[in-house]
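Got a sequence here, can you model it:
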Amino acid sequence: MAESSEQQAALLAALREIDTPTITNVVATYPTNPLCLGLYNPWTENWYTDTSVRCIYPEMGPVVGYAVTCVYGMPDPNYPNRLTYQDVIAALDAGPKPTILVIQQKWPPEIFNKAGLAGEIMTTSAQAVGCIGLLSNGPSRDVDAIRRNKFQMLLGGVTAGHGAMGVMAVQVPVSVAGMDVAPGELIHMDENGAVKFPADKMEQIVTNARALLEREATQLEALRKATTAAEVRAASSGGTYTEKKS
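The predicted structure follows:
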């Protein structure tokens, strides 16, 4: 049964209280753990980001939103491009809120690290229609100004300028930093990176993540008191990194 808007808001708020690695743990990381939903093969499917992006504002903590996707690249004289950033804004405005904009940047290798794509104007425009963050494989700029707006960004880097560019596609499947993202999937991200999962799994993920955190808190308390290998072994039994013994 679909959640009401109030239930969705409560679940999103709960997700913001949980770190991204805990979310990955219940999404797919530990398939033998009863609290893991096993939504993806942990190694073979592209469901979380790699080291090619970094969190620009780690102090902001976790953010979560529905993915709106687009592709940017060099203007192509053979393709009379009709899309603009206003089409991206329209897509952000049309879907459920909050949103996270996921931009796959496709540039020639010689300029890839120089394309400071999304600056203060672009991100402020997105924020006006309910967007709370940006995930992109390439660089952006104006990070000092964007910090004041509390708009989170996970990027391939930061640079000061760019040249001519164009929107190649909106609301299509994209691949960013080793993660495949389809429009409408939920993106959870913090200073550790980003993870995706289907929006209809939100309640299960919150429930299981809370249970896992409670179990880990008990385990960590025992580990902090341990002074011998035997005590560490006892505290670790049945924990996150081991199968629960019957």
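
Listing partners with orientation, what would you give for the lengthiest strand in the chain?
Assignment by DSSP state E gives strand 63-73 as the longest strand of the chain. The strands beside strand 63-73 in its sheet (DSSP bridges) come out as strand 99-106 (parallel), strand 166-170 (antiparallel), strand 186-190 (antiparallel).

Show me which positions of the lengthiest helix in the chain end up buried.
In the chain, with assignment by DSSP state H, the single longest helix is helix 202-225. Within helix 202-225, the residues that qualify as buried by neighbour count (16 or more other Cβ atoms under 10 Å) are 202, 204-206, 208-210, 212-213, 215, 219, 222. The way it works is simple: take the backbone N, C-alpha and C, and place the C-beta from them, glycine included.

In CSV, list the C-alpha atoms belonging to that helix.
Provided in CSV are the C-alpha atoms of helix 202-225 (Å, rounded to 0.1, in the frame of the first residue of the first chain):
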residue,chain,number,x,y,z
MET,A,202,11.8,3.2,1.8
GLU,A,203,9.8,2.0,4.8
GLN,A,204,11.6,-1.4,4.9
ILE,A,205,15.0,0.4,4.8
VAL,A,206,14.1,2.7,7.6
THR,A,207,12.9,-0.2,9.8
ASN,A,208,15.9,-2.4,9.1
ALA,A,209,18.4,0.4,9.4
ARG,A,210,17.1,1.4,12.8
ALA,A,211,17.3,-2.2,13.9
LEU,A,212,20.8,-2.6,12.6
LEU,A,213,21.9,0.6,14.4
GLU,A,214,20.5,-0.6,17.6
ARG,A,215,22.3,-3.9,17.2
GLU,A,216,25.5,-2.2,16.4
ALA,A,217,25.2,0.1,19.4
THR,A,218,25.0,-2.9,21.7
GLN,A,219,28.0,-4.5,19.9
LEU,A,220,30.1,-1.4,20.0
GLU,A,221,29.4,-0.9,23.7
ALA,A,222,30.7,-4.4,24.3
LEU,A,223,33.7,-3.9,22.1
ARG,A,224,34.7,-0.6,23.9
LYS,A,225,34.7,-2.5,27.2
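
Could you check the angle it makes with strand 186-190?
30 degrees (axes from the mean of the first three to the mean of the last three Cα atoms, to 10 degrees).

Other residues contacting the helix or strand following helix 202-225?
Downstream of helix 202-225, the first helix or strand assigned by DSSP states H and E is helix 229-236. Around helix 229-236, the neighbours that count as contacts under Cβ atoms under 8 Å, 6 or more residues apart in numbering are 219, 222-223, 225-226, 242.
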